[in-house]
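Student: Fold the stuff below for me.
(chains A and B)
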2 protein chains.
Amino acid sequence: MNELICTVDLVLLTLKDDGLKVALLKRDHDPFKGVLSLPGGYIHADEDADARDAALRVLRVKTGIESPYLEQLATFSGSARDPRGWSISVAYYALVSADVIERASHPDVQLLSVDRPLNLPFDHRQIVETAVARLRSISQYSSLPCHLLGETFTLPQLQRVYETLMGEALNKVSFRRKIFEMGMLEAIAGKFGASGAHRPAQLYRLKPELRERLTLLQRGL
Amino acid sequence: MNELICTVDLVLLTLKDDGLKVALLKRDHDPFKGVLSLPGGYIHADEDADARDAALRVLRVKTGIESPYLEQLATFSGSARDPRGWSISVAYYALVSADVIERASHPDVQLLSVDRPLNLPFDHRQIVETAVARLRSISQYSSLPCHLLGETFTLPQLQRVYETLMGEALNKVSFRRKIFEMGMLEAIAGKFGASGAHRPAQLYRLKPELRERLTLLQRGL
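Tutor: Numbering: from 1, shown residues only, chains lettered A, B, ... in the order given. Reported below is the predicted structural model:
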(Lines give C-alpha, C1' and ligand atoms only; values in the text may rest on other atoms or scores of the structure.)
Protein backbone atom coordinates (compact mmCIF):
# COMPACT_ATOMS: atom_id res chain seq x y z
CA MET A 1 0.00 0.00 0.00
CA ASN A 2 1.25 3.47 -0.89
CA GLU A 3 1.17 6.01 1.94
CA LEU A 4 0.43 9.38 0.48
CA ILE A 5 -0.55 12.63 2.17
CA CYS A 6 -4.24 13.20 1.30
CA THR A 7 -5.62 16.70 1.87
CA VAL A 8 -8.25 19.15 0.68
CA ASP A 9 -7.66 22.82 -0.09
CA LEU A 10 -10.33 25.50 -0.27
CA VAL A 11 -10.42 28.54 -2.53
CA LEU A 12 -13.07 30.68 -0.84
CA LEU A 13 -13.96 33.55 -3.19
CA THR A 14 -16.07 36.64 -2.60
CA LEU A 15 -16.72 40.06 -4.13
CA LYS A 16 -15.83 43.10 -2.04
CA ASP A 17 -15.31 46.72 -3.08
CA ASP A 18 -16.12 45.64 -6.66
CA GLY A 19 -13.19 43.22 -6.79
CA LEU A 20 -12.77 39.46 -6.50
CA LYS A 21 -11.08 38.41 -3.24
CA VAL A 22 -9.74 35.11 -1.88
CA ALA A 23 -9.86 34.18 1.81
CA LEU A 24 -6.49 33.27 3.34
CA LEU A 25 -5.42 32.08 6.80
CA LYS A 26 -2.12 32.13 8.65
CA ARG A 27 -0.87 28.54 8.98
CA ASP A 28 -0.76 27.43 12.63
CA HIS A 29 1.91 24.74 12.18
CA ASP A 30 4.90 23.80 10.07
CA PRO A 31 5.68 23.69 7.22
CA PHE A 32 5.23 27.42 6.53
CA LYS A 33 3.97 28.20 10.06
CA GLY A 34 2.61 31.76 10.24
CA VAL A 35 2.44 32.17 6.45
CA LEU A 36 -0.83 33.13 4.73
CA SER A 37 -2.23 30.21 2.74
CA LEU A 38 -5.45 28.59 1.56
CA PRO A 39 -7.55 26.93 4.28
CA GLY A 40 -6.84 23.21 4.02
CA GLY A 41 -6.37 20.03 5.99
CA TYR A 42 -6.04 16.27 5.99
CA ILE A 43 -8.88 14.04 4.88
CA HIS A 44 -10.16 12.11 7.92
CA ALA A 45 -11.22 8.66 6.72
CA ASP A 46 -13.05 8.05 10.00
CA GLU A 47 -15.30 11.12 9.80
CA ASP A 48 -15.49 12.33 6.17
CA ALA A 49 -17.80 10.44 3.81
CA ASP A 50 -15.82 11.75 0.82
CA ALA A 51 -13.43 14.56 -0.15
CA ARG A 52 -16.28 17.06 -0.54
CA ASP A 53 -17.36 16.28 3.00
CA ALA A 54 -13.78 16.88 4.16
CA ALA A 55 -13.75 20.23 2.36
CA LEU A 56 -16.97 21.32 4.08
CA ARG A 57 -15.59 20.28 7.48
CA VAL A 58 -12.28 22.11 6.95
CA LEU A 59 -14.10 25.25 5.84
CA ARG A 60 -16.46 25.11 8.82
CA VAL A 61 -13.70 24.52 11.37
CA LYS A 62 -11.19 27.00 9.94
CA THR A 63 -13.43 29.85 8.78
CA GLY A 64 -16.79 29.33 10.51
CA ILE A 65 -18.62 29.19 7.17
CA GLU A 66 -21.30 26.52 6.73
CA SER A 67 -22.61 24.97 3.50
CA PRO A 68 -21.49 27.46 0.85
CA TYR A 69 -21.84 26.81 -2.87
CA LEU A 70 -18.97 24.37 -3.43
CA GLU A 71 -17.50 22.90 -6.63
CA GLN A 72 -14.56 20.59 -7.13
CA LEU A 73 -11.82 22.51 -8.93
CA ALA A 74 -9.04 20.00 -9.66
CA THR A 75 -6.60 17.76 -7.88
CA PHE A 76 -3.00 18.83 -7.35
CA SER A 77 -0.49 16.10 -6.65
CA GLY A 78 3.07 14.93 -6.73
CA SER A 79 6.35 14.60 -4.91
CA ALA A 80 7.33 18.27 -5.30
CA ARG A 81 4.41 20.30 -3.91
CA ASP A 82 4.69 19.54 -0.16
CA PRO A 83 7.99 19.26 1.75
CA ARG A 84 6.46 16.49 3.90
CA GLY A 85 6.28 14.02 1.02
CA TRP A 86 4.22 12.79 -1.94
CA SER A 87 0.83 14.46 -1.59
CA ILE A 88 -2.56 14.65 -3.21
CA SER A 89 -4.80 17.64 -2.58
CA VAL A 90 -8.35 17.77 -3.89
CA ALA A 91 -9.07 21.49 -4.33
CA TYR A 92 -12.56 22.95 -4.12
CA TYR A 93 -13.77 26.47 -4.72
CA ALA A 94 -16.54 28.02 -2.66
CA LEU A 95 -18.48 31.18 -3.51
CA VAL A 96 -20.09 33.31 -0.84
CA SER A 97 -21.25 36.91 -0.48
CA ALA A 98 -19.01 39.23 1.54
CA ASP A 99 -21.63 39.47 4.31
CA VAL A 100 -21.46 35.68 4.88
CA ILE A 101 -17.75 36.09 5.64
CA GLU A 102 -18.49 39.10 7.85
CA ARG A 103 -21.23 37.25 9.76
CA ALA A 104 -18.86 34.32 10.36
CA SER A 105 -16.45 37.05 11.59
CA HIS A 106 -13.57 34.67 12.00
CA PRO A 107 -10.64 36.68 13.41
CA ASP A 108 -7.98 34.95 11.31
CA VAL A 109 -9.50 35.24 7.83
CA GLN A 110 -7.87 37.80 5.53
CA LEU A 111 -9.33 38.77 2.14
CA LEU A 112 -6.76 39.48 -0.59
CA SER A 113 -7.40 40.66 -4.12
CA VAL A 114 -6.82 38.07 -6.83
CA ASP A 115 -5.90 40.78 -9.33
CA ARG A 116 -2.32 40.91 -8.09
CA PRO A 117 -0.06 37.81 -8.08
CA LEU A 118 -0.19 36.24 -4.60
CA ASN A 119 2.89 35.02 -2.78
CA LEU A 120 1.66 31.74 -1.26
CA PRO A 121 3.28 28.52 0.01
CA PHE A 122 3.01 25.08 -1.65
CA ASP A 123 1.35 25.39 -5.08
CA HIS A 124 -1.43 27.54 -3.63
CA ARG A 125 -0.84 30.38 -6.07
CA GLN A 126 -1.46 27.97 -8.96
CA ILE A 127 -4.58 26.65 -7.20
CA VAL A 128 -5.96 30.18 -6.77
CA GLU A 129 -5.19 31.09 -10.39
CA THR A 130 -6.89 27.90 -11.61
CA ALA A 131 -9.99 28.73 -9.54
CA VAL A 132 -10.19 32.33 -10.76
CA ALA A 133 -9.79 31.27 -14.39
CA ARG A 134 -12.49 28.61 -13.95
CA LEU A 135 -14.88 31.08 -12.31
CA ARG A 136 -14.37 33.70 -15.02
CA SER A 137 -14.81 31.23 -17.86
CA ILE A 138 -17.89 29.47 -16.42
CA SER A 139 -19.52 32.77 -15.47
CA GLN A 140 -20.52 33.69 -18.98
CA TYR A 141 -22.45 30.44 -19.39
CA SER A 142 -24.02 29.90 -16.01
CA SER A 143 -25.78 30.92 -12.84
CA LEU A 144 -22.49 30.64 -10.90
CA PRO A 145 -22.01 34.41 -10.21
CA CYS A 146 -25.34 34.54 -8.31
CA HIS A 147 -23.63 32.80 -5.40
CA LEU A 148 -21.42 35.86 -4.86
CA LEU A 149 -24.50 37.97 -4.07
CA GLY A 150 -26.57 37.97 -0.91
CA GLU A 151 -29.83 36.04 -0.80
CA THR A 152 -31.73 38.81 -2.62
CA PHE A 153 -30.51 41.21 -5.29
CA THR A 154 -31.68 43.52 -8.05
CA LEU A 155 -30.97 42.95 -11.74
CA PRO A 156 -28.52 45.92 -11.88
CA GLN A 157 -26.57 44.34 -8.98
CA LEU A 158 -26.55 40.98 -10.75
CA GLN A 159 -25.36 42.54 -14.01
CA ARG A 160 -22.52 44.33 -12.20
CA VAL A 161 -21.32 41.00 -10.74
CA TYR A 162 -21.30 39.34 -14.17
CA GLU A 163 -19.46 42.34 -15.63
CA THR A 164 -16.85 42.28 -12.85
CA LEU A 165 -16.16 38.58 -13.41
CA MET A 166 -16.19 38.71 -17.19
CA GLY A 167 -14.20 41.95 -17.30
CA GLU A 168 -16.46 43.55 -19.90
CA ALA A 169 -19.59 45.73 -20.06
CA LEU A 170 -22.73 43.82 -21.03
CA ASN A 171 -25.74 45.06 -22.96
CA LYS A 172 -28.61 45.43 -20.48
CA VAL A 173 -31.39 44.16 -22.75
CA SER A 174 -29.58 41.04 -23.96
CA PHE A 175 -28.20 40.37 -20.44
CA ARG A 176 -31.75 40.31 -19.03
CA ARG A 177 -33.05 38.16 -21.88
CA LYS A 178 -30.31 35.54 -21.31
CA ILE A 179 -30.73 35.60 -17.53
CA PHE A 180 -34.48 34.97 -17.84
CA GLU A 181 -33.78 32.33 -20.51
CA MET A 182 -31.82 30.43 -17.82
CA GLY A 183 -34.97 30.45 -15.67
CA MET A 184 -32.94 30.61 -12.50
CA LEU A 185 -34.49 33.65 -10.77
CA GLU A 186 -37.74 34.28 -8.98
CA ALA A 187 -39.09 37.75 -8.24
CA ILE A 188 -39.91 38.35 -4.58
CA ALA A 189 -43.48 39.68 -4.54
CA GLY A 190 -43.70 43.24 -3.27
CA LYS A 191 -40.00 43.54 -2.44
CA PHE A 192 -37.94 46.33 -3.95
CA GLY A 193 -34.33 47.33 -3.48
CA ALA A 194 -32.57 50.69 -3.82
CA SER A 195 -31.31 51.41 -7.30
CA GLY A 196 -29.36 54.66 -7.20
CA ALA A 197 -31.20 57.69 -8.59
CA HIS A 198 -33.83 55.57 -10.32
CA ARG A 199 -37.07 54.15 -9.06
CA PRO A 200 -36.72 51.20 -6.67
CA ALA A 201 -35.84 47.96 -8.50
CA GLN A 202 -37.55 44.58 -8.14
CA LEU A 203 -35.72 42.18 -5.82
CA TYR A 204 -34.95 38.66 -7.03
CA ARG A 205 -33.47 35.52 -5.57
CA LEU A 206 -32.08 32.28 -6.95
CA LYS A 207 -34.77 29.58 -7.11
CA PRO A 208 -34.33 27.34 -4.04
CA GLU A 209 -33.91 24.19 -6.17
CA LEU A 210 -30.94 25.83 -7.96
CA ARG A 211 -28.91 26.74 -4.90
CA GLU A 212 -26.96 23.47 -5.02
CA ARG A 213 -26.42 23.14 -8.77
CA LEU A 214 -25.57 25.26 -11.78
CA THR A 215 -27.92 26.35 -14.55
CA LEU A 216 -26.13 26.55 -17.89
CA LEU A 217 -26.73 28.59 -21.02
CA GLN A 218 -26.33 26.82 -24.36
CA ARG A 219 -24.77 30.03 -25.76
CA GLY A 220 -22.81 32.43 -23.58
CA LEU A 221 -23.86 35.89 -22.44
CA MET B 1 -1.36 10.01 9.09
CA ASN B 2 -4.43 8.81 7.23
CA GLU B 3 -3.93 5.74 5.06
CA LEU B 4 -6.13 6.03 2.04
CA ILE B 5 -6.16 4.03 -1.19
CA CYS B 6 -4.83 6.37 -3.89
CA THR B 7 -5.44 5.39 -7.50
CA VAL B 8 -5.89 6.77 -11.00
CA ASP B 9 -8.61 5.73 -13.45
CA LEU B 10 -8.53 6.27 -17.19
CA VAL B 11 -11.45 6.99 -19.50
CA LEU B 12 -9.95 6.25 -22.92
CA LEU B 13 -12.36 7.49 -25.59
CA THR B 14 -12.35 6.99 -29.33
CA LEU B 15 -14.68 7.27 -32.33
CA LYS B 16 -15.46 4.10 -34.25
CA ASP B 17 -18.28 3.32 -36.67
CA ASP B 18 -19.48 6.92 -36.18
CA GLY B 19 -20.05 6.43 -32.44
CA LEU B 20 -18.17 7.34 -29.27
CA LYS B 21 -16.59 4.31 -27.56
CA VAL B 22 -14.82 3.75 -24.23
CA ALA B 23 -11.98 1.27 -23.76
CA LEU B 24 -12.54 -1.30 -21.01
CA LEU B 25 -10.40 -4.12 -19.59
CA LYS B 26 -11.22 -7.28 -17.66
CA ARG B 27 -9.89 -6.88 -14.10
CA ASP B 28 -7.12 -9.38 -13.36
CA HIS B 29 -7.59 -9.42 -9.58
CA ASP B 30 -10.21 -8.97 -6.86
CA PRO B 31 -12.39 -7.10 -6.15
CA PHE B 32 -14.46 -7.67 -9.30
CA LYS B 33 -11.93 -10.06 -10.86
CA GLY B 34 -12.82 -10.79 -14.50
CA VAL B 35 -15.29 -7.90 -14.73
CA LEU B 36 -14.94 -5.23 -17.44
CA SER B 37 -13.85 -1.89 -15.94
CA LEU B 38 -11.85 1.23 -16.64
CA PRO B 39 -8.06 0.78 -16.81
CA GLY B 40 -6.72 1.97 -13.44
CA GLY B 41 -4.15 1.36 -10.77
CA TYR B 42 -2.39 2.54 -7.64
CA ILE B 43 -0.28 5.68 -7.63
CA HIS B 44 3.36 4.65 -7.08
CA ALA B 45 5.00 7.39 -5.00
CA ASP B 46 8.43 5.99 -5.83
CA GLU B 47 8.07 6.17 -9.62
CA ASP B 48 5.28 8.65 -10.49
CA ALA B 49 6.14 12.37 -10.35
CA ASP B 50 2.44 13.21 -9.99
CA ALA B 51 -1.02 11.72 -10.64
CA ARG B 52 -0.87 12.59 -14.34
CA ASP B 53 2.39 10.66 -14.58
CA ALA B 54 0.70 7.71 -12.85
CA ALA B 55 -2.17 7.89 -15.37
CA LEU B 56 0.24 7.79 -18.31
CA ARG B 57 2.08 4.82 -16.79
CA VAL B 58 -1.15 2.88 -16.13
CA LEU B 59 -2.36 3.54 -19.66
CA ARG B 60 0.95 2.47 -21.19
CA VAL B 61 1.22 -0.72 -19.11
CA LYS B 62 -2.43 -1.78 -19.41
CA THR B 63 -3.30 -0.76 -22.98
CA GLY B 64 0.03 -0.22 -24.75
CA ILE B 65 -0.91 3.38 -25.63
CA GLU B 66 1.77 6.07 -25.21
CA SER B 67 1.32 9.81 -24.66
CA PRO B 68 -2.27 10.41 -25.77
CA TYR B 69 -4.05 13.73 -25.29
CA LEU B 70 -4.85 13.57 -21.57
CA GLU B 71 -6.95 15.86 -19.35
CA GLN B 72 -7.80 15.56 -15.68
CA LEU B 73 -11.53 14.87 -15.38
CA ALA B 74 -12.33 14.94 -11.65
CA THR B 75 -11.50 13.09 -8.46
CA PHE B 76 -13.86 10.46 -7.08
CA SER B 77 -13.49 9.61 -3.43
CA GLY B 78 -15.04 8.27 -0.26
CA SER B 79 -15.66 5.29 1.93
CA ALA B 80 -18.36 3.77 -0.29
CA ARG B 81 -16.82 3.46 -3.75
CA ASP B 82 -14.26 0.66 -3.18
CA PRO B 83 -14.87 -2.43 -0.99
CA ARG B 84 -11.20 -2.32 0.12
CA GLY B 85 -11.63 0.94 2.05
CA TRP B 86 -11.64 4.73 1.86
CA SER B 87 -10.27 5.58 -1.57
CA ILE B 88 -9.38 8.52 -3.75
CA SER B 89 -9.20 8.09 -7.51
CA VAL B 90 -7.98 10.88 -9.77
CA ALA B 91 -9.75 10.25 -13.08
CA TYR B 92 -8.32 11.34 -16.43
CA TYR B 93 -9.78 11.16 -19.88
CA ALA B 94 -7.66 10.41 -22.93
CA LEU B 95 -8.69 10.90 -26.55
CA VAL B 96 -7.17 8.87 -29.36
CA SER B 97 -8.10 7.88 -32.89
CA ALA B 98 -9.36 4.33 -33.40
CA ASP B 99 -6.21 3.43 -35.36
CA VAL B 100 -4.02 4.25 -32.33
CA ILE B 101 -5.94 1.61 -30.37
CA GLU B 102 -5.68 -0.80 -33.28
CA ARG B 103 -1.93 -0.24 -33.65
CA ALA B 104 -1.42 -0.84 -29.91
CA SER B 105 -3.47 -4.04 -30.59
CA HIS B 106 -3.68 -4.96 -26.94
CA PRO B 107 -5.55 -8.29 -26.75
CA ASP B 108 -7.58 -7.36 -23.65
CA VAL B 109 -8.99 -3.98 -24.66
CA GLN B 110 -12.70 -3.94 -25.50
CA LEU B 111 -14.45 -0.92 -27.01
CA LEU B 112 -18.02 -0.36 -25.83
CA SER B 113 -20.46 2.30 -26.96
CA VAL B 114 -21.16 5.06 -24.45
CA ASP B 115 -24.66 5.54 -25.86
CA ARG B 116 -26.07 2.69 -23.77
CA PRO B 117 -25.79 2.66 -19.96
CA LEU B 118 -22.73 0.60 -19.00
CA ASN B 119 -22.79 -1.95 -16.20
CA LEU B 120 -19.43 -1.33 -14.50
CA PRO B 121 -17.94 -1.98 -11.04
CA PHE B 122 -17.05 0.70 -8.45
CA ASP B 123 -18.36 4.12 -9.57
CA HIS B 124 -16.92 3.61 -13.06
CA ARG B 125 -20.26 4.19 -14.76
CA GLN B 126 -20.45 7.62 -13.14
CA ILE B 127 -16.84 8.34 -14.15
CA VAL B 128 -17.56 7.42 -17.79
CA GLU B 129 -20.75 9.51 -17.82
CA THR B 130 -18.87 12.49 -16.35
CA ALA B 131 -16.18 12.17 -19.04
CA VAL B 132 -18.67 11.91 -21.90
CA ALA B 133 -20.63 14.93 -20.64
CA ARG B 134 -17.41 16.93 -20.29
CA LEU B 135 -16.25 15.98 -23.79
CA ARG B 136 -19.60 16.87 -25.37
CA SER B 137 -19.83 20.21 -23.60
CA ILE B 138 -16.22 21.30 -24.22
CA SER B 139 -16.36 20.20 -27.85
CA GLN B 140 -18.44 23.11 -29.01
CA TYR B 141 -15.88 25.59 -27.67
CA SER B 142 -12.56 23.96 -28.40
CA SER B 143 -10.08 22.01 -30.46
CA LEU B 144 -10.66 18.91 -28.28
CA PRO B 145 -12.45 16.77 -30.94
CA CYS B 146 -9.38 16.94 -33.23
CA HIS B 147 -7.68 14.44 -30.95
CA LEU B 148 -10.21 11.78 -31.95
CA LEU B 149 -9.00 11.97 -35.57
CA GLY B 150 -5.81 10.55 -37.02
CA GLU B 151 -2.82 12.81 -37.60
CA THR B 152 -4.25 14.20 -40.84
CA PHE B 153 -7.86 14.80 -41.81
CA THR B 154 -10.11 16.70 -44.20
CA LEU B 155 -12.54 19.43 -43.14
CA PRO B 156 -15.59 17.22 -43.90
CA GLN B 157 -14.12 14.54 -41.59
CA LEU B 158 -13.51 17.12 -38.87
CA GLN B 159 -17.04 18.51 -39.17
CA ARG B 160 -18.49 14.98 -38.88
CA VAL B 161 -16.58 14.44 -35.61
CA TYR B 162 -17.88 17.71 -34.13
CA GLU B 163 -21.42 16.82 -35.25
CA THR B 164 -21.19 13.35 -33.70
CA LEU B 165 -20.04 14.77 -30.36
CA MET B 166 -22.47 17.68 -30.30
CA GLY B 167 -25.37 15.57 -31.58
CA GLU B 168 -26.49 18.15 -34.12
CA ALA B 169 -25.87 19.10 -37.75
CA LEU B 170 -23.64 22.16 -38.20
CA ASN B 171 -23.70 24.74 -40.95
CA LYS B 172 -20.65 24.13 -43.16
CA VAL B 173 -19.78 27.79 -43.78
CA SER B 174 -20.00 28.94 -40.16
CA PHE B 175 -18.27 25.76 -38.94
CA ARG B 176 -15.28 26.47 -41.18
CA ARG B 177 -15.18 30.14 -40.19
CA LYS B 178 -15.08 29.25 -36.48
CA ILE B 179 -12.50 26.49 -36.98
CA PHE B 180 -10.17 28.89 -38.80
CA GLU B 181 -10.88 31.56 -36.17
CA MET B 182 -9.38 29.15 -33.61
CA GLY B 183 -6.20 29.08 -35.72
CA MET B 184 -5.49 25.51 -34.72
CA LEU B 185 -5.07 23.83 -38.14
CA GLU B 186 -2.36 23.86 -40.77
CA ALA B 187 -2.89 22.72 -44.34
CA ILE B 188 -0.43 20.07 -45.53
CA ALA B 189 0.98 21.38 -48.80
CA GLY B 190 0.08 19.23 -51.77
CA LYS B 191 -1.76 16.58 -49.72
CA PHE B 192 -5.35 15.69 -50.52
CA GLY B 193 -7.69 13.12 -49.03
CA ALA B 194 -10.64 11.27 -50.53
CA SER B 195 -13.95 13.07 -50.12
CA GLY B 196 -16.70 10.82 -51.44
CA ALA B 197 -18.03 11.74 -54.88
CA HIS B 198 -16.51 15.23 -54.79
CA ARG B 199 -13.08 16.41 -55.80
CA PRO B 200 -10.25 15.45 -53.39
CA ALA B 201 -10.23 17.59 -50.21
CA GLN B 202 -7.25 19.39 -48.71
CA LEU B 203 -5.64 17.52 -45.81
CA TYR B 204 -5.05 19.36 -42.52
CA ARG B 205 -3.39 18.58 -39.22
CA LEU B 206 -3.38 20.13 -35.76
CA LYS B 207 -0.52 22.62 -35.35
CA PRO B 208 2.28 20.80 -33.48
CA GLU B 209 2.32 23.38 -30.65
CA LEU B 210 -1.39 22.66 -29.99
CA ARG B 211 -1.13 18.90 -29.55
CA GLU B 212 -0.68 19.19 -25.80
CA ARG B 213 -3.14 21.97 -25.00
CA LEU B 214 -6.62 23.12 -26.01
CA THR B 215 -7.55 26.08 -28.17
CA LEU B 216 -10.79 27.70 -27.06
CA LEU B 217 -13.44 29.72 -28.85
CA GLN B 218 -14.87 32.76 -27.07
CA ARG B 219 -18.30 31.89 -28.51
CA GLY B 220 -19.31 28.30 -29.26
CA LEU B 221 -19.74 26.70 -32.68
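Student: Now the longest helix along chain A: average pLDDT?
Tutor: If each helix of chain A is counted by residues according to DSSP state H, the longest one is helix A:124-139. When pLDDT is averaged along helix A:124-139, the result is 94.
Student: mind listing what's buried in it?
Tutor: Of all the residues in helix A:124-139, those buried under the rule 16 or more other Cβ atoms under 10 Å in any protein chain shown are A:His124, A:Ile127, A:Val128, A:Thr130, A:Ala131, A:Val132, A:Arg134, A:Leu135, A:Arg136, A:Ile138, A:Ser139. Heads up, the C-betas are built off the backbone N, CA and C, glycines and all.
Student: distance of the first one from chain B?
Tutor: Spatial separation of A:His124 from chain B under the definition Cβ to the nearest Cβ, to the nearest Å is 16 Å.
Student: now swap in the last one and tell me
Tutor: A:Ser139 sits at a distance of 13 Å from chain B (criterion: Cβ to the nearest Cβ).
Student: same deal with A:Ile88?
Tutor: 6 Å.
Student: So which residues on chain A come close to chain B?
Tutor: A:1-6, A:42-45, A:49-53, A:72, A:74-75, A:77-80, A:85-86, A:88, A:90, A:218-220 (Cβ under 8 Å from any Cβ of the partner chain).
Student: Among the residues you listed, name the buried ones.
Tutor: Using 16+ other Cβ under 10 Å, the buried ones in these are A:2, A:4-6, A:42-43, A:45, A:50-53, A:72, A:74-75, A:77-78, A:86, A:88, A:90, A:220.
Student: Find the residue at the geometric middle of chain A.
Tutor: A:Leu95 (2.5 Å; Cα atoms, centre = their mean).
Student: gap between the two ends of stretch A:69-89?
Tutor: End-to-end distance of stretch A:69-89 (Cα to Cα, to the nearest Å): 19 Å.
Student: ah, wrong one, I meant stretch A:14-33
Tutor: Note: stretch A:14-33 ends 25 Å apart using Cα to Cα.
Student: Let me see the mean pLDDT of it.
Tutor: Mean per-residue pLDDT for stretch A:14-33: 93.
Student: likewise stretch A:70-86?
Tutor: 96.
Student: Pull the residues that contact it.
Tutor: By Cβ atoms under 8 Å, 6 or more residues apart in numbering or on different chains, the surrounding residues in contact with stretch A:70-86 are A:2, A:4-5, A:9, A:11, A:31, A:51-52, A:55-56, A:59, A:87-94, A:122-123, A:126-127, A:130-131, A:134, B:43, B:45, B:49-53, B:72, B:74-75, B:90.
Student: Helices along chain A, start to end?
Tutor: Under DSSP H, chain A gives helices at A:51-63, A:98-104, A:124-139, A:155-166, A:172-182.
Student: Including distance to B:Val173, could these go into TSV?
Tutor: As requested, these are exported to TSV (distance: least, Cβ to Cβ, whole Å):
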stretch	distance to B:Val173
helix A:51-63	45
helix A:98-104	47
helix A:124-139	27
helix A:155-166	28
helix A:172-182	24
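Student: what angle separates the longest helix of chain A from helix A:155-166?
Tutor: Relative orientation of helix A:124-139 and helix A:155-166, computed by axes from the mean of the first three to the mean of the last three Cα atoms, to 10 degrees: 130 degrees.
Student: Counting by contacts, list what helix A:124-139 packs against.
Tutor: strand A:5-16, strand A:19-26, strand A:69-78, strand A:87-95, helix A:155-166 (3 or more Cβ pairs under 8 Å, 6 or more residues apart in numbering or on different chains; DSSP states H and E).
Student: In TSV: the ones you listed, plus distance to A:Val173.
Tutor: Shown next, in TSV, are these (distance: least, Cβ to Cβ, whole Å):
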stretch	distance to A:Val173
strand A:5-16	24
strand A:19-26	26
strand A:69-78	28
strand A:87-95	27
helix A:155-166	11
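Student: And the ones you listed: which comes nearest A:Arg103?
Tutor: A:Arg103 lies closest, by Cβ to Cβ, to one member of the helices and strands packed on helix A:124-139: strand A:5-16, at 12.0 Å.
Student: which helices and strands does the closest one pack with?
Tutor: strand A:19-26, strand A:40-42, helix A:51-63, strand A:87-95, helix A:98-104, helix A:124-139.
Student: Touching, A:Arg60 and A:Glu66? I think so.
Tutor: Yes - A:Arg60 is in contact with A:Glu66 according to Cβ atoms under 8 Å; the separation is 5.7 Å.
Student: Tell me which of these two has more neighbours.
Tutor: With neighbours defined as other Cβ atoms under 10 Å in any protein chain shown, A:Arg60 and A:Glu66 compare such that A:Arg60 has more, 14 against 10.
Student: which stretches of chain A have low pLDDT?
Tutor: Low-confidence segments of chain A (pLDDT under 70): A:1-2, A:195-198, A:218-221.
Student: residues in contact with A:Asp123?
Tutor: Counting by Cβ under 8 Å, 6+ apart, A:Asp123 touches A:Phe76, A:Arg81.
Student: Can you report phi and psi for it?
Tutor: Note on A:Asp123: backbone dihedrals following degrees, to the nearest 10 are phi -100, psi 30.
Student: Pop the domain breakdown of chain A in here.
Tutor: The record's domain parsing of chain A by automatic domain parsing lists A:5-138, A:142-210.
Student: could the ones you listed go into TSV alongside distance to B:Leu149?
Tutor: Below are the domains of chain A laid out as TSV (distance: least, Cβ to Cβ, whole Å):
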stretch	distance to B:Leu149
domain A:5-138	25
domain A:142-210	30
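Student: Which of these sits closest to B:Leu148?
Tutor: Taking the domains of chain A one by one with Cβ to Cβ, domain A:5-138 is closest: 22.8 Å.
Student: re the thing from before, can you tell which of the helices and strands packed on strand A:5-16 is closest to A:Ser174?
Tutor: Taking the helices and strands packed on strand A:5-16 one by one with Cβ to Cβ, helix A:124-139 is closest: 15.6 Å.
Student: the inter-axis angle of the closest one versus strand A:69-78?
Tutor: Put simply, helix A:124-139 runs at 140 degrees to strand A:69-78, going by the same axes, to 10 degrees.
Student: show me the contacts for A:His147.
Tutor: Residues in contact with A:His147 (Cβ under 8 Å, 6+ apart) are A:Pro68, A:Tyr69, A:Leu95, A:Val96, A:Ser97, A:Leu206.
Student: What's the separation between A:Val161 and A:Val128?
Tutor: 19 Å (Cβ to Cβ, to the nearest Å).
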